[in-house]
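Novice: generate coordinates for the sequence data below:
(chains A and B)
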Amino acid sequence: MKTIWQVMKITFWMLPAQRVMLVVGVTLSIGLGLTGSWSAPQALMLAMVIPLFTGGVFLRQLSSRRHAQLWPHARGRLLAGTISVMIVCTALYIFSYWPAFANTPPGFKAVVLEGLVMMYVVMFVFWTQCTIGMFVASRKPAWALVALIAWVLPFIVMGATGQEPQVMTGPTGFVAAVGVWVVFSLWFLTSRRIGTTAWRVRQETVTAGSESAVAAATPVEAMQRWLLSSGTPLTLGLQWGLAMLVLLGVQLVVPRLIGGDSPRDWVTAMLFGTLSLAAAVIGAVSWTIAKRSRWLWLPAGKTRLELFRHCERLMLKSLLAVILPMIALSLALWFVLDMRPSLPPGYLALAMLGPALAAGWFGLMQVHRKFSLDGLAGLLLILGWLSGLIRPLFRGETEPEWGIVLAVLALVVLLREVAYARWREADWPRTQSSMSS
Amino acid sequence: MTEQVLEAKGLTKEIGDKRLLKGLDLSMHRGEVVGLLGKNGAGKSTLMDVLLGFALPTGGESRVFGDRSDRMQPATKSRVGFVPQSDELMGTMTGQQHLALAASFYAHWDWTLILRLASEWQVPLDRRISAVSGGERQKVATLMALGHRPELLVMDEPASGLDPVARRQFMRTILDIASDSSRTILYSSHIVADIERTASHIWVMREGEMVWKGELDQLKESVVRIRIRSDRDLDPALKLPGQLTLSVSGRNATAVVSDWSAERATEVEQLSGAPIETEALGLEDIFLAVHA
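Specialist: So this is what the prediction gives:
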């Protein structure tokens, strides 16, 4: 029971962003539920989105640790914790619909109940896919591709055998998900060793004693190499561009394999939504830059603000390197494949660029953390991206949400100022080995 | 008087309502080897962070070669080497690549010294950092701090991950560096014997305060163990001047006292009404008594 409680704490309460999203999501959900609104479940999803997408990653990280192998029944307990989180979350999600259905006339109660059961199955299947998919994908990039294929395979099979995807919302879907859990649990509990996350790019070794094997670098090049973990903006852009090509390719091919009447607008929205994930990449890059800047304080011989400016330039270069493939792919989608979202192109560009810029400075802010402010900023950033781009994109809206995009751009300016102020008086946090390895 | 390398006046560091450093006054001169002792959480790493400008003080100030720590000139920074407690190496790069990267920042980088030390310490420079042991990582981090032959070398528990053989080699290197009187070393360690072997000066920290600072020999003369053998039962509530520890058992008592001197000996004899025997202590015993 203790382990289940600890897994729940890790899933919901470990990071500031989790805490903020949990509190905001639950508060909003209760508030909306009391007014009988249909939006209560969506608000609750805010609290559950991190557990949904990170549950599998946490499970791998916890179970692959060496000392976890010495805990009695560690794997069983961790698995029980992860499944408990799923059961609690899916049950809460369905329960959040209840206030909206409270005044249903007695004659319709059975229909409502049937609908709730269907939604529970959908949620259960989706949670299973996410948790196990993320567990597999968190091993290494190649496994992420395997997870992606496994994710879409059932739909391809259904398309090929002429079955409707709706079959997954009934008993078949539920039994399939339970079956997946049984198979996964058997493997998880009996496997000799759970591999740790290995998403880092490996490099070839050099010959000892030959300094010439390492290209001589100027101090500026050396700073860049250190801050980007031996990468460059160009390699970053190429890797991102390649990853996007694969992802977009899968998204374009899968609907054709599934067949049926896969809505073109939906696929278009998916493609542009995926491209906008550049913001997450830039956020991660600039966060790494901020974390790694500490060591440069002495060798680089720069003041805090000079270092900030250097890191800022590097972040912007990386942003450009990531944006260029994004623009190229967007243009290809727009002109070559004629996949055009309903939103005006100018608005679309700003709605995609704004969150990326905000994420860049949000990452640089992490040179000196203040959890409550960071949590709030992160939440605003995600809300801005969701409501300024994702929602209008998927709803096929033609009227731009200029207010939201302008708010995101204002957030960009604000985050830049916060980052500047933090760097001016930065107390570099001591680096942990685990972080740098 | 030799050049002052490090100086701190009223150095205070607070995070929230926690006082990590409590108004420290310190100085280090050229050629000194200072061993910094203290239990976990005493504030050693924070002190090093503030002294080198990684963290800003909330009160007071510190200077390195005359420059304020948080505003060190590039030329001053190039005279300093630092080995952090947790290394900041990249798992994807080899030791060799790390050293080449560090060398890029300095006008003068002594590859001969580094390759000699790497060979003596048996550092596998051709392997990725993610594939080497914790001790080997620590050696690479130390080499990165030594290559530009810093005049001030600051090390935060540099030998904690090393095996006894590697530790001995490492301490020998420290002694080699220390033998050059132009170099100054500040390092912390939990291995008191290492500090006793290499340090000329000792700083002892406890809960953000500097409870003792000075020469090692002075410390050893100042803190002694005394034995009192009386012909009548001693008062169990006996209190001795400067006592760090005291145990009374019938007619005998044993104590560790600080600020020991001939006057203090007379004072104790008068208080206890019995003759005393003194015994010199090793640094480890002194450390334990200070933290009793």
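
Novice: give me the low-pLDDT residue ranges for the chain?
Specialist: Chain wasn't specified; assuming chain A. Residue ranges of chain A with pLDDT under 70: A:67-70, A:159, A:164-168, A:199-216, A:254-262, A:430-437.

Novice: you answered for a different chain; I wanted chain B.
Specialist: In chain B, residues with pLDDT under 70: B:1.

Novice: which residues does the residue of the stretch 151-292 of chain B found nearest chain A contact?
Specialist: Closest approach between the stretch 151-292 of chain B and chain A, counting by C-beta to the nearest C-beta: residue B:156, at 9.0 Å. In short, each C-beta sits where N, CA and C put it, glycine included. Residues near residue B:156 by C-beta atoms under 8 Å, 6 or more residues apart in numbering or on different chains: B:44-45, B:48, B:82-85, B:187-188.

Novice: leaving aside the residues next to it on the chain, what's closest to it?
Specialist: In space, and not counting its chain neighbours, residue B:156 is closest to residue B:85: 4.1 Å by C-beta to C-beta, 6 or more residues apart in numbering or on different chains.

Novice: just checking, that neighbour touches residue B:161?
Specialist: No: in terms of C-beta atoms under 8 Å, residue B:85 does not count as a neighbour of residue B:161; the distance is 9.9 Å.

Novice: about what we covered before: distance of the residue nearest to residue B:156 relative to residue A:196?
Specialist: 24 Å (C-beta to C-beta, to the nearest Å).

Novice: which one of these two is surrounded by more residues?
Specialist: residue B:85 (20 against 14; other C-beta atoms under 10 Å in any protein chain shown).

Novice: residue B:165 versus that one, what's the distance?
Specialist: Applying C-beta to C-beta to residue B:85 and residue B:165 gives a distance of 22 Å.

Novice: can you give me the strands for chain B?
Specialist: Ranges of strands within chain B are B:4-15, B:18-29, B:33-38, B:59-64, B:67-68, B:80-83, B:152-156, B:184-188, B:201-206, B:209-215, B:224-229, B:243-249, B:252-257, B:276-280, based on DSSP state E.

Novice: now the second one against strand B:209-215, angle please.
Specialist: What it means is strand B:18-29. 10 degrees (axes from the mean of the first three to the mean of the last three C-alpha atoms, to 10 degrees).

Novice: show me what strand B:18-29 pairs with in its sheet, parallel or antiparallel.
Specialist: If you go by DSSP bridges, strand B:18-29 pairs up with strand B:4-15 (antiparallel).

Novice: what's the partner strand in contact with?
Specialist: So strand B:4-15 is contacted by B:19-30, B:32, B:43, B:46-47, B:50-51, B:55, B:57-66, B:151-152, B:184, B:186, B:208 (C-beta under 8 Å, 6+ apart).

Novice: pull out the buried members of those.
Specialist: Among the contacts of strand B:4-15, those scoring as buried are B:19-22, B:24, B:26, B:28, B:30, B:32, B:43, B:46-47, B:50-51, B:55, B:57, B:60, B:62-65, B:151-152, B:184, B:186, B:208 (criterion: 16 or more other C-beta atoms under 10 Å in any protein chain shown).

Novice: and whatever residue of chain A ends up closest to chain B, how many neighbours?
Specialist: Distances between chain A and chain B by C-beta to the nearest C-beta are smallest at residue A:301, namely 3.0 Å. By other C-beta under 10 Å, 19 other residues sit near residue A:301.

Novice: could you export the contacts of residue B:156 as a markdown table, including distance to residue A:141?
Specialist: Listed next are those as a markdown table, based on distance: C-beta to C-beta, whole Å:
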| residue | distance to residue A:141 |
| --- | --- |
| B:44 | 41 |
| B:45 | 36 |
| B:48 | 39 |
| B:82 | 35 |
| B:83 | 34 |
| B:84 | 31 |
| B:85 | 32 |
| B:187 | 41 |
| B:188 | 41 |
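
Novice: between those residues, which is nearest chain A?
Specialist: residue B:82 (5.8 Å).

Novice: so what's the closest one bridging to?
Specialist: residue B:154.

Novice: got a list of what it touches?
Specialist: A:298, B:48, B:52, B:145, B:153-156.

Novice: how much space between it and residue B:172?
Specialist: From residue B:82 to residue B:172 the distance is 21 Å (C-beta to C-beta).

Novice: how about the residue in the stretch 51-200 of chain B positioned nearest to chain A, nearest residue that isn't a chain neighbour?
Specialist: For the stretch 51-200 of chain B, the residue closest to chain A is residue B:74, as judged by C-beta to the nearest C-beta, at 3.0 Å. Excluding its sequence neighbours, the residue lying closest to residue B:74 (C-beta to C-beta, 6+ apart) is residue A:301, at 3.0 Å.

Novice: these two touch, right, the one you found and residue B:78?
Specialist: Yes: with contacts counted by C-beta under 8 Å, residue A:301 reaches residue B:78, the gap being 6.3 Å.

Novice: follow-up on the earlier one: which SS class is the residue nearest to residue B:74?
Specialist: On the three-state scheme (DSSP: H, G, I helix; E, B strand; the rest coil), residue A:301 is labelled coil.

Novice: next up, the contacts around it.
Specialist: Taking C-beta under 8 Å, 6+ apart as the test, what residue A:301 contacts is B:73-75, B:77-78, B:105.

Novice: so which of the residues you listed is the closest to residue A:317?
Specialist: residue B:105 (20.3 Å; C-beta to C-beta).

Novice: number of nearby residues for residue 286?
Specialist: No chain in the question, so chain A it is. Residues near residue A:286, counting by other C-beta under 10 Å: 28.

Novice: wait, I meant chain B there
Specialist: 27.

Novice: residues near residue A:80, how many?
Specialist: Residue A:80, neighbours per other C-beta under 10 Å, totals 16.

Novice: hmm, it is touching residue A:4, no?
Specialist: Yes: if you go by C-beta under 8 Å, residue A:80 and residue A:4 touch, sitting 5.7 Å apart.

Novice: circling back to that earlier point, thought the residue of the stretch 51-200 of chain B closest to chain A was touching residue A:299?
Specialist: No: Residue B:74 lies out of contact with residue A:299 (C-beta under 8 Å); the separation is 9.8 Å.

Novice: looking at those two, which is more packed in?
Specialist: More neighbours surround residue A:299 than the other of residue B:74 and residue A:299, with 26 against 14 (other C-beta under 10 Å).

Novice: got the contact list for the more buried one?
Specialist: By C-beta under 8 Å, 6+ apart, the neighbours of residue A:299 are B:77, B:102, B:105-106.

Novice: what of residue A:288?
Specialist: A:227-229, A:363.

Novice: just the buried members of these?
Specialist: Buried members of the contacts of residue A:288, counted by 16+ other C-beta under 10 Å: A:227-229, A:363.

Novice: alright, calling it a day.
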